[in-house]
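Student: Provided below are the primary sequence and the corresponding predicted coordinates.
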Amino acid sequence: MGPVWRMEQSAAMYLDVQDLRNFYYRSMLGRAAQASVRTRLLDLWPDVAGETVAGFGFAAPLLRPYLQKARRVVALMPGPQGVMQWPAGLPNVSVLCEETMWPLETGHVDRLVVLHGLETSERPSNLLEECWRVLGPGGRAVFIVPNRAGLWARSDRTPFGFGRPYTLTQLENQLRAHQFEIAKHVGALYMPPSHKRFWLKSARLFEQAGQSLPAILAGGVFMVEVCKQSYPPSGNAIKEAKQNRIRVLEGLSNPLPKPAWSTEER
């Protein structure tokens, strides 16, 4: 039986933090996906010594390698999604926040990772403005989104099958429109989004082969690295005041209806 996923009704595309946790930490497919994307991120950013690293959405699985060397690591999780304590066994660095109003000072982030954040956002333009605000001069960000032409965006068995998938051109144009300078793009998740043992055992071979292909081809996700330009975005940003039900992982008393793919193992 495939997983069944919950989505917050007030922000229709946000996934539930429990289901994201179960996928990335309790399923073989999720662990393989985590390894694929994290390896590519480490290729882009091998050294963050002394820097402030932030993640938004559900970027926590990608941030663990930076905990020891970075000056500070913070995992920002949007209210409609919910928050979990992270990392396990260490002091908590995860924070529940509004989607477009983060509890970070302007210009204090050196590196930013956005995973399951942009494609699920109701207000992607406002979200990108907030990303631009928190990055310092010369700061870098990596946006990770489902590839519209890839297999992962067509399957509702993983979190990459929800929200708005992108073409590489669409993503890069949207980032340029918000004053980000494109530095590099790569692909990840070349293995099929299957829970079957044969494909999972072959995952490393698929990823190694995929690294030699152009990112625009069969990868399940695009990873676009950008740097912050020295001048601010044009126009006046108007933030919408909208109340969202904030849910915390521990002590949830009223679970939401399940959409089509969440693991039932608790």
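Tutor: That came through fine. Numbering: from 1, shown residues only.
Student: Can you show me the helices along the chain?
Tutor: Using DSSP state H, the helices of the chain run over 17-26, 28-44, 60-63, 124-134, 168-177, 197-201, 203-210.
Student: Turn those helices into TSV, columns for distance to Val109, mean neighbour count and mean pLDDT.
Tutor: For every residue, glycine as well, the C-beta is placed using N, CA and C. As requested, those are arranged in TSV below (distance: least, CB to CB, whole Å; neighbours: other CB atoms under 10 Å; pLDDT from 0 to 100):
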stretch	distance to Val109	mean neighbour count	mean pLDDT
helix 17-26	22	21	95
helix 28-44	16	19	94
helix 60-63	13	24	96
helix 124-134	5	21	97
helix 168-177	16	16	96
helix 197-201	35	12	63
helix 203-210	29	16	63
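Student: mind giving me a markdown table with those helices and columns for distance to His116?
Tutor: Converted to a markdown table, the helices of the chain look like this (distance: least, CB to CB, whole Å):
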| stretch | distance to His116 |
| --- | --- |
| helix 17-26 | 7 |
| helix 28-44 | 11 |
| helix 60-63 | 10 |
| helix 124-134 | 12 |
| helix 168-177 | 15 |
| helix 197-201 | 21 |
| helix 203-210 | 20 |
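Student: which one of those lies closest to Asn147?
Tutor: Ranking the helices of the chain by their distance to Asn147 (criterion: CB to CB) puts helix 168-177 first, at 7.7 Å.
Student: which residues touch that closest one?
Tutor: With CB atoms under 8 Å, 6 or more residues apart in numbering as the test, helix 168-177 has contacts from 124, 128, 143, 145, 147-148, 166, 182, 185, 215-216, 222, 224, 226.
Student: For those, give me JSON lines that also has distance to Gly50.
Tutor: Below are the contacts of helix 168-177 laid out as JSON lines (distance: CB to CB, whole Å):
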{"residue": "Pro124", "distance to Gly50": "31"}
{"residue": "Leu128", "distance to Gly50": "26"}
{"residue": "Phe143", "distance to Gly50": "24"}
{"residue": "Val145", "distance to Gly50": "29"}
{"residue": "Asn147", "distance to Gly50": "34"}
{"residue": "Arg148", "distance to Gly50": "37"}
{"residue": "Tyr166", "distance to Gly50": "33"}
{"residue": "Ile182", "distance to Gly50": "26"}
{"residue": "His185", "distance to Gly50": "27"}
{"residue": "Ala215", "distance to Gly50": "30"}
{"residue": "Ile216", "distance to Gly50": "35"}
{"residue": "Phe222", "distance to Gly50": "29"}
{"residue": "Val224", "distance to Gly50": "25"}
{"residue": "Val226", "distance to Gly50": "21"}
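Student: which residues of the stretch 101-250 of the chain score low on pLDDT?
Tutor: By pLDDT under 70, the weakly predicted segments of the stretch 101-250 of the chain are 198-203, 205-218, 230-250.
Student: and if we set it to 90?
Tutor: The stretch 101-250 of the chain contains residues with pLDDT under 90 at 122, 149-151, 154-157, 190-219, 229-250.
Student: Which residue ranges of it form strands?
Tutor: For the stretch 101-250 of the chain, applying DSSP state E, counting those that start in this stretch gives strands covering 109-115, 135-146, 180-188, 221-228.
Student: Let me know which of those is the nearest to Val93.
Tutor: Nearest to Val93, of all these, is strand 109-115, at 13.4 Å by CB to CB.
Student: Give me the sheet partners of the closest one and which way each runs.
Tutor: strand 52-57 (parallel), strand 135-146 (parallel) (DSSP bridges).
Student: can you list those strands in a markdown table and add mean neighbour count and distance to Arg176?
Tutor: Formatted as a markdown table, these follow (neighbours: other CB atoms under 10 Å; distance: least, CB to CB, whole Å):
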| stretch | mean neighbour count | distance to Arg176 |
| --- | --- | --- |
| strand 52-57 | 26 | 20 |
| strand 135-146 | 22 | 12 |
